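> 3D model of this:
(chains A and B)
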Amino acid sequence: MPRFLIFFVLMSISCLTNGNEKLRIDGFATLALTHIDDSDVKFRASLTNTGRSSTSFLPDSVIGVQAQYSFNDKFEAVIQGSFTDKSYQHLSTYINMAFLRYRVNNAWSVRAGRLNTKLYMLSEYRDANYAYLWARPPIEMYGAATSSSKVDGVEVTFADDVQGGHITASLAYGYTPVRMDGQSGEFKLDFTEALFLSLEQQFLYWRFSLSAATGVMDNYEFPNFDSFIANLNAIPTEFFPQGKIIADYFDPENKRANYLSVGAAFDDGEWIFQTELAFYRANWSSLADAKFGYISLGKHIQSFTPYIMLAFNEPEEDYEIYPLPDVSQLPPPLNFAIPALLNTTNNSTVNTAIDQTSIGLGLRWDMAEKWCLKVQVNRYKIDFPGSGLFGNNAILGQTQSRTTNVYHLSVSTVF
Amino acid sequence: MLGDYAHRKQMQFSLRKLIVLTCILLFSTVIVAQSENDPLVVINHVDSPLKTLTKKQVVDIYMGRAIQLPTNERVLALDYEDSENLREAFYLQLIGMNTKRVNAYWSRLLFSGRALPPSRVVDLNSASELLTANLNAIAFTRKSDLPKGFKVLFEFENEKVN
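Residues are numbered from 1 along each chain as shown, chains lettered A, B, ... in the order given. Presented below is the predicted three-dimensional model:
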């Protein structure tokens, strides 16, 4: 229901703007058909989306509208909403931006409200498919990090010419709500005291970016999580030495998450190249410490741009699957509580662990002004455990790595 | 007989093709020569206090890096809905980008909420009306098309563009 409501509201705004010079409405849309050839896992373009099996229009299709209203020469409001396959269907999750901006001069500006952060190179406009080369930003890089790409807070931006290029520096502070929904129930987490710093240097053909973010994890809610932690802590250490270690690793409250990424992009009208590399630390089971990145190269041949992309997302340390201990000598309820807790722990690790690499081949065809068609094939090699970016269809029994192909055909436009 | 007829037809066809190609070549040469002698200019209304712009200032305004004119007024940059040849020439000379790359560039900037692209108008007549109504508005055109009542802020040199 909220999806249709936001779509209706944004379209209504669009209809009301005819002839209003202070209000500008723009939009973007992608109609995409996506197919995954693996019945054990479901495909999703990001962790906040719903996993889809087989062939579906939902994983990569999107429609979005952006409204910008100028109160005067210095003061303006911007709102952008996009209608995607979110798992948590609440109005606020569809709002990418909703902020007021005060432009002090050409160099300085201040924004307040819901902001899209420059956490990585495409994070500010990742739903506007027409604006970039690929079918979707590489899920190894963007699949997990997207969940924290918005911040409700304030940002100061400075932009000026430096060293023969144009530099943009932003500092944002606020909190980032992360909301998801799935078979296990609703997931809620806030990154509070979140601080985002980004630098981008742009030359004629090159762009370089550096981003860093930090935040404290708070207000965590997940069904049965509290009782799970309580049970882990309730068993004496002499019977279950791993209990407190697992409890500490699974509980995100008051832990600080840190993120760092670097990127470079080149486009001279003939060759198009882009790469990013990122590191994430939080010491938390559901989003384990990891490094991830990608490299992409394409060539413009008139209206066609074939490209290749390699991507990876791997944990800093191997995931731990606990063997079930011999509990035959333990009294009840320990003899069934300990295996049950370890089973839950292992299931959770299998569901959330991310460890995969991929190769993608694609073709973009700019068939008309503001219209493009994209075809892309991705071959994912997923280690065990490591299918967390995908939605799992009960693959706990399989302990080997797997290979999965995802096919994509889409038409995108901006209007 | 048949061979003779076929040979004559082939000659006629080749001659026709040569004439068409020559015409195209001559026409193209005239167009190129005209373009080279008719530089692109950035213009505003004669009543505007703004007298001149540098190329860098034009780049900053048309690529969303500057929102203010040197007079500290908010600028209204105008572009065209159609006029694809004029747009292509303008952006190639301005920043070395064809319009396809310019569209992608603006999609990135627009949907990141950072800046708005130049306002698109149908043609030079529509642009003239806006330039008259808003003295902080600027537009581009060929020098020979400069309407009465408007002045040149910046003139492109006849740069060779690949």
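> show me where chain B has helices.
Listed in chain order, the helices of chain B (DSSP state H) span B:2-37, B:55-62, B:84-95, B:99-111, B:124-133.
> where exactly do the helices run in the stretch 51-200 of chain A?
Counting by DSSP state H, counting those that start in this stretch, the stretch 51-200 of chain A has helices at residues A:139-145.
> need the residues of it near chain B, please.
With Cβ under 8 Å from any Cβ of the partner chain as the criterion, the stretch 51-200 of chain A meets chain B at residues A:64, A:66, A:68, A:73-74, A:78, A:80, A:97, A:99, A:103, A:105-106, A:116, A:124-125, A:127-128, A:130-132, A:159, A:161, A:166. To be clear about C-beta, it is placed using only N, CA and C from the backbone, and glycine gets the same treatment.
> which of those residues fall within strands?
Using DSSP state E, A:64, A:66, A:68, A:78, A:80, A:97, A:99, A:103, A:116, A:159, A:161, A:166 are the members of these that sit in strands.
> got CSV for the residues you listed, with neighbour count and pLDDT too?
CSV is the format used below for those (neighbours: other Cβ atoms under 10 Å in any protein chain shown; pLDDT from 0 to 100):
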residue, neighbour count, pLDDT
A:64, 24, 96
A:66, 25, 95
A:68, 20, 93
A:78, 25, 95
A:80, 29, 95
A:97, 21, 93
A:99, 21, 94
A:103, 19, 92
A:116, 25, 89
A:159, 22, 93
A:161, 13, 87
A:166, 19, 90
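> farthest-apart pair in these, please.
The two members of these with the most space between them (Cβ to Cβ) are A:64 and A:161, at 31.6 Å.
> where does the prediction get shaky in the chain?
Picked chain A for this. Scanning chain A for pLDDT under 70 picks out A:1-21, A:393-398.
> right idea, wrong chain: chain B
B:1-36, B:158-162.
> and it, what are its domains?
Domain assignment for chain B by automatic domain parsing gives B:1-37, B:39-155.
> the last one close to chain A?
Yes - judged by Cβ under 8 Å from any Cβ, domain B:39-155 comes into contact with chain A at B:56, B:60, B:65-68, B:72-74, B:95-101, B:103-104, B:107-108, B:110-114, B:116.
> please indicate which of the residues you listed are buried?
B:60, B:65-68, B:73, B:95, B:97, B:99-101, B:103-104, B:107-108, B:110-114, B:116 (16 or more other Cβ atoms under 10 Å in any protein chain shown).
> residues in contact with the residue nearest to residue A:206 when sequence neighbours are not counted?
Nearest residue to residue A:206, sequence neighbours excluded (Cβ to Cβ, 6 or more residues apart in numbering or on different chains): residue A:266, at 5.3 Å. Neighbouring residues of residue A:266 by Cβ atoms under 8 Å, 6 or more residues apart in numbering or on different chains: A:205-207, A:272-274.
> quick one: the nearest residue to residue B:69 once chain neighbours are set aside from residue A:161, how far?
Computed as Cβ to Cβ, 6+ apart, the closest residue to residue B:69 that is not its neighbour in sequence is residue B:75, at 4.8 Å. Applying Cβ to Cβ, to the nearest Å, the value for residue B:75 to residue A:161 is 17 Å.
> residue of the stretch 201-350 of chain A closest to chain B, please.
As assessed by Cβ to the nearest Cβ, chain B sits closest to residue A:269 within the stretch 201-350 of chain A, at 5.9 Å.
> can you get me a residue count around that residue?
By the measure other Cβ atoms under 10 Å in any protein chain shown, the count of residues near residue A:269 is 14.
> the residue minimising distance to the centre of chain A: what's its closest spatial neighbour, skipping adjacent residues?
When Cα atoms, centre = their mean is applied to chain A, the residue found nearest the centroid is residue A:146 (1.9 Å). Residue nearest to residue A:146 in three dimensions, not counting chain neighbours: residue A:46, with 4.3 Å by Cβ to Cβ, 6+ apart.
> so that neighbour: helix, strand or coil?
At residue A:46, secondary structure determined by DSSP: H, G, I helix; E, B strand; the rest coil is coil.
> what values do phi and psi take at it?
Taking degrees, to the nearest 10, you get phi -160, psi 160 for the backbone angles of residue A:46.
> if I pick it, what's in contact with it?
Residues in contact with residue A:46, defined by Cβ under 8 Å, 6+ apart, are A:139, A:142-144, A:146-147.
> which among those residues gets closest to residue A:248?
residue A:144 (21.6 Å).
> chain neighbours aside, what residue packs nearest to that closest one?
Using Cβ to Cβ, 6+ apart, the closest residue to residue A:144 is residue A:47 (5.3 Å).
> the one you found against residue A:391, yeah?
No - between residue A:47 and residue A:391 there is no contact under Cβ atoms under 8 Å: 9.5 Å.
> looking at these two, which is more packed in?
The neighbour count for residue A:47 versus residue A:391, taken as other Cβ under 10 Å, is higher for residue A:47 (26 against 21).
> what distance do you get for the nearest residue to residue A:174 once chain neighbours are set aside to residue A:112?
Spatial nearest neighbour of residue A:174, excluding adjacent residues (Cβ to Cβ, 6+ apart): residue A:153 at 1.6 Å. Distance, residue A:153 to residue A:112, by Cβ to Cβ: 7 Å.
> ok, residue A:348 next?
Residue A:348 is 38 Å from residue A:112, where distance means Cβ to Cβ.
> again, but for residue B:67
Computed with Cβ to Cβ, the distance linking residue B:67 and residue A:112 is 18 Å.
> buried sites along whichever helix or strand residue A:272 is part of?
Using DSSP states H and E, residue A:272 falls within strand A:271-281. Within strand A:271-281, the residues that count as buried by 16+ other Cβ under 10 Å are A:272-281.
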